[in-house]
Structure formats: structure tokens, C-alpha cells
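Trainee: sequence plus the predicted model coming up.
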Amino acid sequence: MTEYVITPAATPSLAVEGQEARFPLRRVYCVGRNYSEHAREMGHDPDREPPFFFSKPADAVVPASGEVPYPTLTSDLHHEVELVVAIGVGGKNIAVENALEHVWGYTVGVDLTRRDMQAQAKKAGRPWDLSKGFDASAPTNPLLPVSQVGHPVKGIISLSVNGEERQHGHLSEQIWSVPEVISYLSHAVELQPGDLIYTGTPAGVGEIKPGDVVTGGIKNIGNFSFKMGEKP
Ligand code: MN
């Protein structure tokens, strides 16, 4: 057994619906601008860009329930509701036609974003890390295994704040499908069991204020409800 000079941090993990055993997390990747209307609302041409990726720390994944802490260093926290893919079988240079064999399951999650900090980073040509990858920046529902939900390719994906619908789209509107996203990413990095991929958000992203109640979900995948904490 390996000895460490300090006590190692616990393995980050995500709950699995209806099971005691949890899904251990390794890496968290996110796709940028994967729905046309959202790409347009962010000022980009959706038709000419290949998918691009950014990361969040695995321990940024927290339950999309109860209270989620409002982060420091922002006055414009944004919600992005997303289909989340969990990788159960690793691989590199995965072909699109084999990509779904690597999926363990799916769920719905929220890519929380310090939009003001991200805008400054974009303007200065700096990395997005801290605008996307802060503590508790990925409230996410328990996972559902493929044996239970299959491979979702359509269905409404939506998010509301204080009961008012802000985001409303369909999984079928993704520019890059789940198999294409897995294939692209696996050409950039070797995927391993425990990796999550947040597959992008439909149009309607906007601000969440401290104390707001955030609800949403994906048809046949599940619904979530959490409250944002007070401003730190
Ligand atoms: Mn996103």
C-alpha cells in the first residue's frame, strides 16, 4: 500500500439513483456552445466551429439539491443546464460508431459560471478555469445507468429560476451528438472510467441571485431543485 506524507483527499464521487454504491469521479470535461441558439446568444456562429472543451475539478460536482453555496468573486452567476455523460469504459481515438459502448450512464447537471469573470478572461485572452471550475460549480443529479435509461437522443431540457422558465431546448438540437463529443474528446485525451462530460447548454442562460430557487431537468432523465445560498 502506498504511503503518503499527508492524508490524501477522499475520492470525489456522484450518487447513483437507487443504489448505495457511488460512481467514483476522475475528470470532468464540459463542451462549449453545443446548441445553435446558445452559440448565437453568446455571439458566435454555430455552424463553423468544431466542439471545444474545458474542465472543472472533479470535486466541483455536488448534489443538485438542498442549498448550493453562492461563489465568491462574482456579481453575475449564470446557470447552464446540461445532459451529463458518465464514462464507464476508457479509451482513446474512439470511433463515433463505437462511442456509446464507453458510456456507463447519464444524468442532468448545471454548469454554474461566473459570467463576469469569464467575460474578463475572454477579453484578456486568459484561461476560463476559475470562471468555470470553482467550488460547487457543478450541481448534478444522481446518475442513471444505461441499462435503465438507454442512450437519450431527444427530450426537453429546461431550467427555471423561482418558477419562471429561462432555458428550454431539446437534446435533438445538440450541434455535436454524444457519440461525436466522446470521439472528439478521446482524440485530445485518453478517457478513463469515472470521467464525466457535460454536453453543453440550450439558449436562455442567465443570472441566478443569492437565495434563488433553481429547478429543471431532462425528460426521462430526471428533475432537480436546489436553492442558491446567500452571498458570501
Ligand atoms: Mn456549459
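Mentor: Happy to help now that I have it.
Trainee: how about the contacts made by the residue lying closest to D59 once chain neighbours are set aside?
Mentor: Spatially, and ignoring its direct neighbours in sequence, D59 is nearest to P12 (4.3 Å; Cβ to Cβ, 6 or more residues apart in numbering). Bear in mind the C-beta positions are built from the backbone N, C-alpha and C, glycine included. Neighbouring residues of P12 by Cβ atoms under 8 Å, 6 or more residues apart in numbering: P24, L25, P57, A58, D59, V61.
Trainee: export the lowest-mean-pLDDT helix or strand in the chain as CSV, just CAs?
Mentor: Sorted by mean pLDDT, DSSP states H and E, the helices and strands of the chain end with helix 36-41, the least confident at a mean of 83. Only the C-alpha atoms of helix 36-41 are listed here, as CSV (Å, rounded to 0.1, in the frame of the first residue of the first chain):
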residue,chain,number,x,y,z
SER,A,36,-27.1,26.7,-32.0
GLU,A,37,-29.3,29.2,-30.2
HIS,A,38,-27.0,29.4,-27.2
ALA,A,39,-23.9,29.8,-29.5
ARG,A,40,-25.8,32.7,-31.2
GLU,A,41,-26.8,34.3,-27.8
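Trainee: residues near the closest residue to the ion within the chain, how many?
Mentor: Nearest residue of the chain to the ion: D111, at 3.5 Å (Cβ to the ion). For D111, the neighbour count with other Cβ atoms under 10 Å is 27.
Trainee: relative to Y29, how far out is it?
Mentor: Noted for D111: a distance of 11 Å to Y29, by Cβ to Cβ, to the nearest Å.
Trainee: overlap in contacts of the two?
Mentor: Y198.
Trainee: distance between the least confident helix or strand of the chain and the chain's centre?
Mentor: From the chain centre to the centre of helix 36-41 is a distance of 17 Å (Cα atoms, centre = their mean, to the nearest Å).
Trainee: now do the contacts for V81.
Mentor: When contacts are counted by Cβ under 8 Å, 6+ apart, V81 touches V108, G109, V110, I157, S158, L159, Q167, T201, P202, G216, G217, I218.
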